[in-house]
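Visitor: Need coordinates for the following:
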Amino acid sequence: MANHGKGVRGPSAMLVFLMEQQISQRAMITETHAGRRLDAVLAELWPDYSRSRLAEWIKAGQVRVDGRQVKPRHALTGGETVTLETVMEARADSPRPEPIGLKLLHEDKDCLVIDKPPGLVVHPGSGNPDGTLVNALLHRDPALASLPRAGLIHRLDKDTSGCLLVARTLAAHTWLIRAMKRREIKRHYLALVRGELLTGGTVDAPLGRHPVDRRRQVVRDDGRRAVTHYRIRHRLASATLLDVELETGRTHQIRVHMAHIRHPIVGDPVYGQRGAPAGLSQSQRQAWLAFPRQALHARRLAFPHPGGGDQLSVEAELPEDMAALIAVLAGS
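Guide: Modelled structure (predicted):
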């Protein structure tokens, strides 16, 4: 039997309903704000939302000053009442949800921390329209479709494993993006690199796109500042296991910086060296050559929680393939 009437929701309508986030705000403008732009003042009064997003809402008429639609640059005089009424809806270009299993290291109403397995692409793109982490996230939490990049705060390469932070609300997303810009989110990695290092250190070398191969990054004087700190965790056969901390978060940063100091990450198909080094036993050589990816793992993530700023630290265990390779190179 067909259903009629506005009060009936079908499955697809219910999904859209679940992905919507109703937002209502009200603020009184004081004389201290007189003469300033509306969008700049609202970014201070409502810090859960970025200035650019507030400007979009103002232009769309979802922000009103004394009931009137104005422009983002509208100059305030003091004494006005500002209201915001909007609904964060699913983005029209959102990937489709897919029932892909995820391992959660942390979950609450504000954020998730995922333990990403190696081999899982994070974002849909050319050659990977589906089967990605984003598809899995949208299946687990449809409301993420209304957030930029489905709530992802940072990225990991396809073959890098470990901790990945996801915001679940617009307020949490704004909070965490600002925390990332202030370098309050600490990302620690384990990197298995070729050769035996004598000491730890810091690589401070700017990165930019390769002039010919646009998929690669290179150290270049006109690049963006990139800083990687590393220290020795274990010395192994013809390799060193490093604790690495990112001060900045550029694309492929650890991989490029390790190659730059002539200790590329073991198994890196783009920035690494072909073949196994001399001095390995037969079993070690076989394990080295058989390892199918870069030996890089995001082991720990520490960040101020968007629900109140308390520090949260989450760790991901080494995946089995990398742990096995380390054990072989350690001679155990």
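
Visitor: With adjacent residues omitted, what lies nearest to Q273?
Guide: P264 (5.7 Å; Cβ to Cβ, 6 or more residues apart in numbering). The way it works is simple: take the backbone N, C-alpha and C, and place the C-beta from them, glycine included.

Visitor: Please look at that neighbour and Y271 and confirm they touch.
Guide: Yes - counting by Cβ atoms under 8 Å, P264 does reach Y271; the two are 5.5 Å apart.

Visitor: what about these two, which has more around it?
Guide: A count of neighbours by other Cβ atoms under 10 Å puts P264 above the other of P264 and Y271, at 22 against 19.

Visitor: Who are the contact partners of that one?
Guide: V193, R194, R255, M258, Y271, G272, Q273 (Cβ atoms under 8 Å, 6 or more residues apart in numbering).

Visitor: which residues sit in contact with the first one?
Guide: I take that to be V193. A239, T240, L241, L242, M258, H263, P264, I265, V266.

Visitor: now it, what's its secondary structure?
Guide: Secondary structure for V193, judged by DSSP: H, G, I helix; E, B strand; the rest coil, is strand.

Visitor: Centre of the chain to stretch 39-55, how far?
Guide: 22 Å (Cα atoms, centre = their mean, to the nearest Å).

Visitor: Quick one: the helices in the protein, in order.
Guide: 11-19, 38-45, 51-59, 133-140, 170-181, 253-260, 282-290, 320-329 (DSSP state H).

Visitor: How about residues contacting the second one?
Guide: Counting by Cβ under 8 Å, 6+ apart, helix 38-45 makes contact with 27, 29, 33, 49-51, 54-55, 58, 63, 65, 70-76, 82, 84, all of which sit outside it.

Visitor: hmm, 6 Å instead?
Guide: A27, H33, R51, L54, A55, P72, H74 (Cβ atoms under 6 Å, 6 or more residues apart in numbering).

Visitor: ok so, going back, please convert the helices of the chain to a markdown table, extending it with mean pLDDT and mean neighbour count.
Guide: Below are the helices of the chain laid out as a markdown table (pLDDT from 0 to 100; neighbours: other Cβ atoms under 10 Å):
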| stretch | mean pLDDT | mean neighbour count |
| --- | --- | --- |
| helix 11-19 | 38 | 12 |
| helix 38-45 | 88 | 19 |
| helix 51-59 | 86 | 18 |
| helix 133-140 | 93 | 22 |
| helix 170-181 | 89 | 19 |
| helix 253-260 | 98 | 24 |
| helix 282-290 | 96 | 15 |
| helix 320-329 | 97 | 17 |
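
Visitor: so which of those gets nearest R96?
Guide: helix 133-140 (6.6 Å; Cβ to Cβ).

Visitor: Kindly export stretch 281-288 (C-alpha atoms) in PDB.
Guide: What follows is stretch 281-288, C-alpha atoms only, in PDB (Å, rounded to 0.1, in the frame of the first residue of the first chain):
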ATOM      1  CA  SER A 281      71.000 -13.500   6.600                       C
ATOM      2  CA  GLN A 282      68.900 -15.300   4.000                       C
ATOM      3  CA  SER A 283      65.800 -15.200   6.100                       C
ATOM      4  CA  GLN A 284      66.200 -11.500   6.900                       C
ATOM      5  CA  ARG A 285      66.800 -10.800   3.200                       C
ATOM      6  CA  GLN A 286      63.700 -12.700   2.200                       C
ATOM      7  CA  ALA A 287      61.600 -10.900   4.800                       C
ATOM      8  CA  TRP A 288      62.900  -7.500   3.700                       C
END
